[in-house]
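Asker: make a model of this:
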Amino acid sequence: MQKIRVLVVDDHTIVRDGICALLALAGDIEVVGEATNGNEAVNKVRELNPDVVLMDIAMPMMGGLEATRRINKEFPKTKVLVLTQYDDKEYFFPVIESGALGFISKAAASSELTAGIRSVHRGDSYLSPSVTKLLVDNYQNMAGKNPSQDPYNQLTEREREVFKLLAEGHSTQEIAEMLVITRKTAEGHKTNLMAKLGVHNRVDLVKYAIRKGIITV
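Answerer: Sure, this is the predicted structure:
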């Protein structure tokens, strides 16, 4: 079995050691390198060509957001999963906009970390349940203050197209072909719309679409 090759990026040695020890227990994941800052991370991606980069945000020399943007641009086949202590909405949207496919809080369970790595390696997006709850609470508060702020209304036209096709059961590859866009772009739309709607998986996405009358059963 070919293992998922992971680069661990964090400026704290004890954190990297803990992550590496945890991932060593997963039979399908192999840590191929470590980096202490964003600049080093970009160089290590160039050198090691990992499948997934597990990226911290706050680091010296170059932060995780800028490193993610560079990796996303220069090495599009390498997926980035952000693992950070900053689990609030002020950080979440910049992370997704930088090109990361997933966002996990450092307070999450260890099983979420391996699940997130496997998910982004497949090209799917992954949001930690704790982050999803934060987004749901945020949008519920917005809706309570202003009924016109329905999360669905925050979607772009393209995101609505992708949302409907996802709810109908199409894969991101099929959606990319139908909309004549790249799979990576389709995945980006999927990640953004799921974040805006506060849904964590396809089942919740379908339920939301049914409630909105976008699809029928």
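Asker: how about the helices in the protein?
Answerer: 13-23, 38-48, 64-74, 89-97, 110-121, 129-145, 157-167, 172-179, 183-197, 202-212 (DSSP state H).
Asker: same for the last one, what does it pack against?
Answerer: Of the remaining helices and strands, those touching helix 202-212 by 3 or more C-beta pairs under 8 Å, 6 or more residues apart in numbering; DSSP states H and E are helix 157-167, helix 183-197. For the C-beta atoms, the positions are set from N, CA and C on the backbone; glycine is no exception.
Asker: hang on, the earlier thing: reformat the helices of the chain as TSV; add mean neighbour count and distance to residue 54.
Answerer: As requested, the helices of the chain are arranged in TSV below (neighbours: other C-beta atoms under 10 Å; distance: least, C-beta to C-beta, whole Å):
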stretch	mean neighbour count	distance to residue 54
helix 13-23	15	7
helix 38-48	19	10
helix 64-74	20	10
helix 89-97	16	13
helix 110-121	19	7
helix 129-145	15	16
helix 157-167	18	26
helix 172-179	16	22
helix 183-197	22	17
helix 202-212	15	24
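Asker: out of the ones you listed, which is closest to residue 4?
Answerer: helix 110-121 (4.9 Å; C-beta to C-beta).
Asker: just the mean pLDDT for the closest one, thanks.
Answerer: The average pLDDT within helix 110-121 is 91.
Asker: swap in stretch 29-43?
Answerer: Mean predicted confidence for stretch 29-43 is 96.
Asker: could I have it exported to PDB, CA atoms only?
Answerer: Extracted C-alpha coordinates of stretch 29-43, given in PDB (Å, rounded to 0.1, in the frame of the first residue of the first chain):
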ATOM      1  CA  ILE A  29       0.500   7.800   6.600                       C
ATOM      2  CA  GLU A  30       4.300   8.500   6.500                       C
ATOM      3  CA  VAL A  31       6.000  11.700   7.800                       C
ATOM      4  CA  VAL A  32       8.600  12.500   5.200                       C
ATOM      5  CA  GLY A  33       9.900  15.800   6.600                       C
ATOM      6  CA  GLU A  34       9.500  18.700   9.100                       C
ATOM      7  CA  ALA A  35       9.700  22.400   8.800                       C
ATOM      8  CA  THR A  36       9.800  25.200  11.400                       C
ATOM      9  CA  ASN A  37       8.400  28.100   9.300                       C
ATOM     10  CA  GLY A  38       6.700  28.900   6.100                       C
ATOM     11  CA  ASN A  39       9.800  29.600   4.100                       C
ATOM     12  CA  GLU A  40      11.300  26.300   5.100                       C
ATOM     13  CA  ALA A  41       8.000  24.600   4.300                       C
ATOM     14  CA  VAL A  42       8.000  25.900   0.700                       C
ATOM     15  CA  ASN A  43      11.600  24.700   0.200                       C
END
